[in-house]
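Undergrad: Sequence first, then the predicted structure, then my questions.
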Amino acid sequence: MAVDDPREPFDPRGPGAPRGPDDAREAHGRHGPDDPFGAGDDPLGAGEDPLGSPFGPLGPRDGPHGSGDDPRGWGDRPSGPGDGPENPREFEGFGGLGGGEDPDPDVEEPELDEDSDTQTVVTVEINGLSLYTHHGTTAAEREIGQRLVLDLRLDMGETDATVTDQLEDTVDYAEVCQLVALIAQQRSYRTLERLCSAIADRLLSDFAIEGVSVKASKPEPPIPLPVEEVTVEVWREPGE
């Protein structure tokens, strides 16, 4: 193991580093009359290349990527839209994404043929109409009351609303909900069967429908057993 000689002064540049003008000239291989380190006007003795690159100075160069005074070597490349033979930013269609011509905003949707032989049947469903009512077989149910959930299905048959897009040509489900709530809350019934029948008869009377289904559910029936809900459903058609 080599031991440094304490008599020799410590040099932070490490061993072999130039320590004088003669060493600097030898390291750089350049000699100049006015440069104490033999590098001419370059304090590092590297000529025009500050890094002393063996490949030549880093100034203007000639090559396949540029020439002349272009320090980045870009040469005569196109630098903007339209400068080259093909511009990749120029596209046709929707906002430069390709796809042909833009759609004509004045084109109207095709109208439905009212004289077509295709039959369209419409059904309106209302699910989860929650009301607080007083229906039941016991006096406590009719006095205290409980929550009741109603599901309705109205068979419309063929309606003009599929063509006209007008509310008056179909059933307004907001009016249906208001009517059902009025019937279910204006008086008490002992059975859900009678309540559903009263609602179905009134809907057939007030709306132009071909059939109606009314389902009433008690989420918390008053029985001493764990039951999720009790449901009664009545289906009615005109003339029944």
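TA: Structure's in. What do you need? Numbering: from 1, shown residues only.

Undergrad: and Lys215, that's in a helix?
TA: No: for Lys215, which was evaluated using DSSP: H, G, I helix; E, B strand; the rest coil, the result is strand, with no helix membership.

Undergrad: Give me the distance between it and Ala200.
TA: According to C-beta to C-beta, to the nearest Å, Lys215 and Ala200 sit 10 Å apart. Using the backbone N, CA and C atoms, a C-beta is placed for each residue, glycine as well.

Undergrad: So which of these two has more stuff around it?
TA: Set side by side, Lys215 and Ala200 give different neighbour counts by other C-beta atoms under 10 Å, the larger being at Ala200 (22 against 17).

Undergrad: name the element that one belongs to?
TA: helix 192-206 (DSSP states H and E).

Undergrad: Likewise for Glu228?
TA: Following DSSP H and E, there is no helix or strand that holds Glu228.

Undergrad: Would you mind pulling the contact partners of the helix or strand harbouring Val124?
TA: Using DSSP H and E, Val124 sits in strand 122-133. Around strand 122-133, the neighbours that count as contacts under C-beta atoms under 8 Å, 6 or more residues apart in numbering are 145-159, 161-162, 170-171, 173, 176-177, 180-181, 184-185, 188.

Undergrad: Going by neighbour count, list what's buried in it.
TA: Val122, Val124, Ile126, Leu129, Thr133 (16 or more other C-beta atoms under 10 Å).

Undergrad: So what angle separates the directions of that strand and helix 192-206?
TA: Here strand 122-133 runs at 130 degrees with respect to helix 192-206, directions being taken by axes from the mean of the first three to the mean of the last three C-alpha atoms, to 10 degrees.

Undergrad: in the helix or strand following strand 122-133, what counts as buried?
TA: Secondary structure here is assigned by DSSP H and E; on that basis, the next helix or strand after strand 122-133 toward the C-terminus is helix 139-144. For helix 139-144, the buried set under the neighbour-count rule, 16+ other C-beta under 10 Å, comprises Glu141, Arg142.

Undergrad: next SSE after helix 139-144?
TA: The C-terminal neighbour of helix 139-144 among helices and strands, as given by DSSP H and E, is strand 146-157.

Undergrad: before we move on, back to that, now, the most widely separated pair of the buried residues of strand 122-133?
TA: Farthest apart among those by C-beta to C-beta are Val122 and Thr133. That separation is 29.3 Å.

Undergrad: Pull up the gap between Val171 and Gly157, please.
TA: Counting by C-beta to C-beta, the gap from Val171 to Gly157 is 11 Å.
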